[in-house]
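*Asks:* Here you go, sequence then predicted model.
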Amino acid sequence: MLLSAEQIAARVREMGAEIDHDYPDGNLHLVCILKGACFFLADLARALHRDAYVDFMGISSYGKGKSTSGEVKVTKDLDISVEGADLLIVEDIVDSGVTLNYLVHLLEQRKPRSVRIAALLDKPERRQRPVKVAYTGFQIPDEFVVGYGLDFAEHYRNLRDVCILGND
């Protein structure tokens, strides 16, 4: 186990308070990146004391392996216009930065007021592309992790804790 459910819950509450402070009014759109971030999104949205829209995007760059393929594709797009809105991309983990770098540029073309990223986990030493994370839950070592929405070939998402996946 790398992070317990209790550690995660406490940090998500703190992140909610930071976001409430930074976005006191206006149209805040939480853009959840499927599938892994849905657990984090649900807890983060409940930690907010302000109203926020929720929408989902499917982005793929991993397939069934442990490393990024480098090719990003949108598998599910937003359902509503985000022009003039504050967008907060809600992501489970920032690793290479390939996916989020692509996504930020894609969403900026839709003329929102702002685009920021909230990530539960961050591995800054793995960056291949520049990504600025506005709200970070935890910086973690360069290990492959599962649980709390993160998976390996669609397994382990339902674990309450974040755990390092062994090599055996």
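*Replies:* Great, that's in hand.
*Asks:* Report the contact partners of the nearest residue to V162 once chain neighbours are set aside.
*Replies:* Leaving aside its chain neighbours, V162 sits nearest to L3 (4.2 Å; criterion: Cβ to Cβ, 6 or more residues apart in numbering). All C-beta spots, glycine's among them, are computed from the backbone N, C-alpha and C. Counting by Cβ atoms under 8 Å, 6 or more residues apart in numbering, L3 touches F138, I140, Y148, D161, V162.
*Asks:* pretty sure the fourth one contacts E6?
*Replies:* No - because the distance of 9.0 Å does not satisfy Cβ atoms under 8 Å, D161 is recorded as not touching E6.
*Asks:* out of those two, which sits in the more crowded spot?
*Replies:* Using other Cβ atoms under 10 Å as the criterion, D161 and E6 rank with D161 on top: 16 against 10.
*Asks:* give the contact list for the more buried one.
*Replies:* Residues in contact with D161 (Cβ under 8 Å, 6+ apart) are M1, L2, L3, S4, A5, I8, G147, Y148.
*Asks:* Please pick the buried ones from those residues.
*Replies:* Listed as buried from the contacts of D161 are L2, L3, I8, G147, Y148; burial here means 16 or more other Cβ atoms under 10 Å.
*Asks:* Dump the contacts of D161 to JSON lines, plus distance to K111 and secondary structure.
*Replies:* Formatted as JSON lines, the contacts of D161 follow (distance: Cβ to Cβ, whole Å; DSSP: H, G, I helix; E, B strand; the rest coil):
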{"residue": "M1", "distance to K111": "43", "secondary structure": "coil"}
{"residue": "L2", "distance to K111": "39", "secondary structure": "coil"}
{"residue": "L3", "distance to K111": "37", "secondary structure": "strand"}
{"residue": "S4", "distance to K111": "41", "secondary structure": "coil"}
{"residue": "A5", "distance to K111": "39", "secondary structure": "helix"}
{"residue": "I8", "distance to K111": "34", "secondary structure": "helix"}
{"residue": "G147", "distance to K111": "37", "secondary structure": "strand"}
{"residue": "Y148", "distance to K111": "33", "secondary structure": "coil"}
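*Asks:* now, among those, which is nearest to H105?
*Replies:* Y148 (27.6 Å; Cβ to Cβ).
*Asks:* List the contacts of the closest one.
*Replies:* Here Y148 is in contact with L3, A5, I8, F39, F40, D92, L120, R157, L159, R160, D161, V162 (Cβ under 8 Å, 6+ apart).
*Asks:* Among those residues, which are located in strands?
*Replies:* Counted as lying in strands by DSSP state E, out of the contacts of Y148, are D92, L120.
*Asks:* can I get the contacts of Y148 in a markdown table with pLDDT and distance to S61?
*Replies:* Formatted as a markdown table, those follow (pLDDT from 0 to 100; distance: Cβ to Cβ, whole Å):
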| residue | pLDDT | distance to S61 |
| --- | --- | --- |
| L3 | 98 | 23 |
| A5 | 98 | 27 |
| I8 | 98 | 24 |
| F39 | 97 | 20 |
| F40 | 98 | 18 |
| D92 | 97 | 13 |
| L120 | 98 | 18 |
| R157 | 96 | 18 |
| L159 | 97 | 22 |
| R160 | 97 | 26 |
| D161 | 98 | 25 |
| V162 | 98 | 20 |
